[in-house]
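coordinates only, sequence not included:
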């Protein structure tokens, strides 16, 4: 499935498409909808770089055993 974000929304945000996508990914992570591993994968960033991005925004990293299991499954399917 693809999600199309209109040019009007991108322009209204004042962000580039990549910046808007990163904002969306970070929001999904903050709301516990995706794990940090999945978030870094979607953002196409190494995990350490994604963690640095979160730290610069003062976003707490939540990571538990179920996140680890999800990340291990993702890693095995790449």
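That came in fine, so what should we check first? Because the structure is a prediction, the values reported are computed rather than measured.

out of all of them, which helix in this structure is the longest?
In the chain, taking DSSP state H as the definition, the longest helix is helix 17-30.

Flag the shaky bits of this structure, pLDDT-wise.
77-78 (pLDDT under 70).

what about the helices in it?
Using DSSP H, helices in the chain cover 7-13, 17-30, 36-42, 47-56, 65-76.

how near is the residue of the chain positioned farthest from its centre to residue 18?
No residue in the chain sits farther from the centre than residue 8, which is 22.6 Å out by Cα atoms, centre = their mean. Distance check for residue 8 against residue 18: by Cβ to Cβ, to the nearest Å, it reads 18 Å. For glycine as for every other residue, the C-beta is placed from the backbone atoms N, C-alpha and C.

Enumerate every residue touching residue 26.
Contacts of residue 26 were listed using Cβ atoms under 8 Å, 6 or more residues apart in numbering, and they are 39, 53-54, 57, 59.

at 7 Å what do you get?
Counting by Cβ atoms under 7 Å, 6 or more residues apart in numbering, residue 26 touches residue 59.

got it, and residue 42?
For residue 42, the contact set (Cβ under 7 Å, 6+ apart) comprises residue 25.

Kindly recompute the last result at 8 Å.
Each residue near residue 42 by Cβ under 8 Å, 6+ apart is listed here: 25, 34.

For residue 3, see how far away it is.
Counting by Cβ to Cβ, the gap from residue 42 to residue 3 is 12 Å.

cool, and residue 70?
21 Å.

Name the residue in these two with the higher neighbour count.
Legend: neighbour count by other Cβ atoms under 10 Å for residue 70 and residue 3, higher for residue 70 (15 against 6).

Determine which stretch of the helices of the chain is the most buried.
Among those, the stretch with the highest mean neighbour count (mean count of other Cβ atoms under 10 Å) is helix 36-42, at a mean of 20.

Might you calculate how far it sits from the centre of the chain?
Its chain's C-alpha centre and that of helix 36-42 lie 5 Å apart, by Cα atoms, centre = their mean, to the nearest Å.

No more questions from me, cheers.
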